[in-house]
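Trainee: what follows is a predicted protein model with its sequence.
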Amino acid sequence: MRHGMELCWRLWGWLSLACMLALMPPVCLAARQAAPLYPFILPALLAGLWGMVCLTLGGRRVQQLKLRESAYFMLGSWVVLGIFGALPYWLGGVTTNFLCALFESLAALTTTGVSCLQALPTDPAFVLWHSLLCWLGGLNFIVILVTALPQVSGCFGLTLSARQSIFFSPVWHKMEESIGQATRVYLVLTALAVGLFALAGLDGFMAVTQALMGVASAGSAGEILFLRQDSLYLELAASAVMLLASLNLLLCWKAWQRRSLRLIGGDMELRTFLLVLGGAGLLIAGSLWHQGYYDLPESLRYGFFQALSFLSTSGYVSADTVSWPPFVRYLLFLLVFIGGCIGSTTGGLKVMRLLVLLRMITAELRRTLHPQLVISLKIDGLPVSMHIVGRILSFFFLYMLFFMVFALLLTLSGITLMQAMGVAAGCLSSSGSTAVLFAAPAFASLPGWALGLCALLMVLGRIEIFAFLLLLDMGLSKLRHQ
């Protein structure tokens, strides 16, 4: 074992043990229904064994997480969890193709909410496992968010102002503290989501499974539920859960510590998120009403629900969006690129980054008109360094470049350009329902290489591209020096 990988092994170990614990509820449910246990027992044993091996390799010495190890952990965590998550589908006979099972697992873990199966499993144990995979994927993203991402992307600290007193450190005991804080908030939000869905009329099992997916912003897997029930109360509950999933979890922790909701209400990123939601909801509702799709109350109901669903990258669908006007579908398509607040489980570029880009454009326009004017770019009254602005510009460019390249490659599978763009945007932003907007064919009909591209894009969207490019550059450097 090379020196310096201890913390990386330790983090992999804890995630593997978390996966083992997540497999226990499906084991109990399968036992209760007298169903075969080995599809869940065997992966649980393997995950526990691998976790103990990783913790042993990680040692006990306190270390700092270096840049290279951060990139290894970010990419490797999805691979490890993806393999363990795929084993129940494969061993349980849901699919005999392990690559298909791996795609199913990664789609749940990255909270994309798509499926390559001809028919989704209806066995309660597998339904629960799918929901737990979504929840575990959200937890993994939170762990990455407070450990490796600040090291690799370098622009996460922008989202948390000095007034919030949240700082990140590569030292293990500091990371442990941040992981604990974010996880506790995640658990509380999950419990609130269960209560909301129960109040909306769902039975206990459905309330739990929908809450697990909703908090992780993986709601697109439950779109059939909303179309079938057409319940206003259920949509209100889901809207509340989607709003919770869009919040900055660490900011919520600080607000709880200080017993002050003003920290949340005064956050510029959240205010901007709500402003975008209000504007998009009104535009969609107005278009639906003006073109005679629904009356005014229903237009507001479906318009705001869909706007929140796509903006939060949850992907819940409560209406036949395929038949909606092109203007509305294109607006929903654009919303998934925005996403929620940084520090949330949502996908997309995140509101704060786009807010900085807009401020930068405004500053450049003023600088062009007044060349001698000294302009300082500020967010929440605090200056933003040009180094951070440069990082955000790089990320925005890479994000859009990967979207365009992968959409182009997916057209080779025989689908139309708009369908390919919907699939690529959904995989990159963790909101698979964008494919529904343009009537894309089922993922099961795509060739194997296209599914592989989609799986890669789902992971890239969750590791925010930088880690992949860093590892690719290190690999190419080794090849050049051999």
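Mentor: Cool, got the structure.

Trainee: how far away is Gly113 from Ser429?
Mentor: Gly113 sits 11 Å away from Ser429, going by CB to CB, to the nearest Å. (Glycine included, C-beta is placed from N, CA and C.)

Trainee: helix or strand next in line after the helix or strand where His387 lies, which one?
Mentor: Taking DSSP states H and E as the definition, His387 sits inside helix 386-410. As assigned by DSSP H and E, the chain's next helix or strand after helix 386-410 is helix 417-429.

Trainee: what are the buried residues along that following helix?
Mentor: Met418, Gln419, Ala420, Met421, Gly422, Val423, Ala424, Ala425, Gly426, Cys427, Leu428, Ser429 (16 or more other CB atoms under 10 Å).

Trainee: from the contact counts, what lies against whichever helix or strand comes after it?
Mentor: Moving toward the C-terminus from helix 417-429, the first helix or strand encountered (DSSP H and E) is helix 434-437. Judged by 3 or more CB pairs under 8 Å, 6 or more residues apart in numbering; DSSP states H and E, helix 434-437 is in contact with helix 326-338, helix 417-429.

Trainee: export those to TSV and tack on mean pLDDT?
Mentor: Converted to TSV, the helices and strands packed on helix 434-437 look like this (pLDDT from 0 to 100):
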stretch	mean pLDDT
helix 326-338	93
helix 417-429	92
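
Trainee: just put the ones you listed in CSV and tack on distance to Ala34.
Mentor: Output for the helices and strands packed on helix 434-437, formatted as CSV (distance: least, CB to CB, whole Å):
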stretch, distance to Ala34
helix 326-338, 42
helix 417-429, 38
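
Trainee: ok, which of the ones you listed comes nearest Leu393?
Mentor: Among the helices and strands packed on helix 434-437, helix 326-338 comes nearest to Leu393, with 15.5 Å by CB to CB.

Trainee: buried sites along that closest one?
Mentor: Val328, Arg329, Leu331, Leu332, Phe333, Leu335, Val336, Phe337, Ile338.

Trainee: cool, stretch 442-453 as well?
Mentor: Within stretch 442-453, judged by 16+ other CB under 10 Å, the buried ones are Phe443, Leu446, Ala450, Leu451, Leu453.

Trainee: kindly report the same for stretch 125-134.
Mentor: Result for stretch 125-134 [16+ other CB under 10 Å]: buried residues Ala125, Phe126, Val127, Leu128, Trp129, His130, Ser131, Leu132, Leu133, Cys134.

Trainee: so which of these are in strands?
Mentor: Nothing among those maps onto strands, per DSSP state E.

Trainee: touching, Leu11 and Met74? I think so.
Mentor: No: using CB atoms under 8 Å, Leu11 is not in contact with Met74, being 9.8 Å away.

Trainee: what do those two both touch?
Mentor: Counting by CB atoms under 8 Å, 6 or more residues apart in numbering, the contacts common to Leu11 and Met74 are Ala148.

Trainee: and Met418, what is it in contact with?
Mentor: Phe438.

Trainee: return the distance of it relative to Val322.
Mentor: Distance from Met418 to Val322, by CB to CB: 12 Å.

Trainee: any low-confidence regions in the chain?
Mentor: 1-4, 60-63, 151-173, 219-224, 478-482 (pLDDT under 70).

Trainee: where does the residue of it most remote from its centre land in three-state SS?
Mentor: Most distant residue from the mean C-alpha position of the chain: Gln372, 42.9 Å away (CA atoms, centre = their mean). At Gln372 the chain is in coil, as set by DSSP: H, G, I helix; E, B strand; the rest coil.

Trainee: check Ala18 too.
Mentor: helix.

Trainee: returning to what we had before: and the buried residues of stretch 442-453 as CSV, adding distance to Thr183 and secondary structure?
Mentor: Below are those laid out as CSV (distance: CB to CB, whole Å; DSSP: H, G, I helix; E, B strand; the rest coil):
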residue, distance to Thr183, secondary structure
Phe443, 31, helix
Leu446, 35, coil
Ala450, 35, helix
Leu451, 32, helix
Leu453, 32, helix
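
Trainee: which one of the residues you listed is nearest Trp289?
Mentor: Checking the buried residues of stretch 442-453 against Trp289 with CB to CB, the nearest one is Phe443 at 33.5 Å.

Trainee: same for the longest helix along the chain, what does it pack against?
Mentor: In the chain, with assignment by DSSP state H, the single longest helix is helix 172-199. On a contact count with 3+ CB pairs under 8 Å, 6+ apart, helix 172-199 meets helix 6-22, helix 124-146, helix 204-215, helix 232-245, helix 249-257.

Trainee: chain center to it: distance?
Mentor: Chain-centre distance of helix 172-199: 15 Å, with CA atoms, centre = their mean, to the nearest Å.

Trainee: ok, now stretch 25-35?
Mentor: Distance, stretch centre to chain centre, for stretch 25-35: 29 Å (CA atoms, centre = their mean).

Trainee: mind saving the C-alpha coords of that stretch as CSV?
Mentor: What follows is stretch 25-35 as a C-alpha-only set of coordinates in CSV (Å, rounded to 0.1, in the frame of the first residue of the first chain):
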residue,chain,number,x,y,z
PRO,A,25,-34.0,-3.7,5.8
PRO,A,26,-34.5,-5.6,2.5
VAL,A,27,-33.2,-8.7,4.2
CYS,A,28,-35.8,-8.3,7.0
LEU,A,29,-38.6,-7.6,4.5
ALA,A,30,-37.7,-10.6,2.3
ALA,A,31,-37.6,-12.8,5.4
ARG,A,32,-41.0,-11.5,6.5
GLN,A,33,-42.5,-12.4,3.1
ALA,A,34,-40.7,-15.8,2.9
ALA,A,35,-38.7,-14.6,-0.2
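
Trainee: list the buried ones in that stretch?
Mentor: Within stretch 25-35, judged by 16+ other CB under 10 Å, the buried ones are Pro25, Pro26, Val27, Leu29, Ala30, Ala35.

Trainee: got a list of contacts for that stretch?
Mentor: Around stretch 25-35, the neighbours that count as contacts under CB under 8 Å, 6+ apart are 36-37, 39-41, 44, 88, 123-126, 128-129, 132.

Trainee: could you redo the last one with a cut-off of 10 Å?
Mentor: Under the contact criterion CB atoms under 10 Å, 6 or more residues apart in numbering, stretch 25-35 has outside partners 36-41, 43-44, 88, 92, 123-132, 205, 208.

Trainee: rewinding a little: what's the overlap in contacts for Met418 and Val322?
Mentor: Common contact partners of Met418 and Val322 (CB under 10 Å, 6+ apart): Arg329, Leu437, Phe438, Ala439, Ala440.

Trainee: got those residues as CSV, with distance to Val80 columns?
Mentor: Below are the shared contacts of Met418 and Val322 laid out as CSV (distance: CB to CB, whole Å):
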residue, distance to Val80
Arg329, 37
Leu437, 33
Phe438, 34
Ala439, 35
Ala440, 30
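
Trainee: quick check on those residues: which are buried?
Mentor: With neighbours counted by 16+ other CB under 10 Å, these contain buried members at Arg329, Leu437, Phe438, Ala440.
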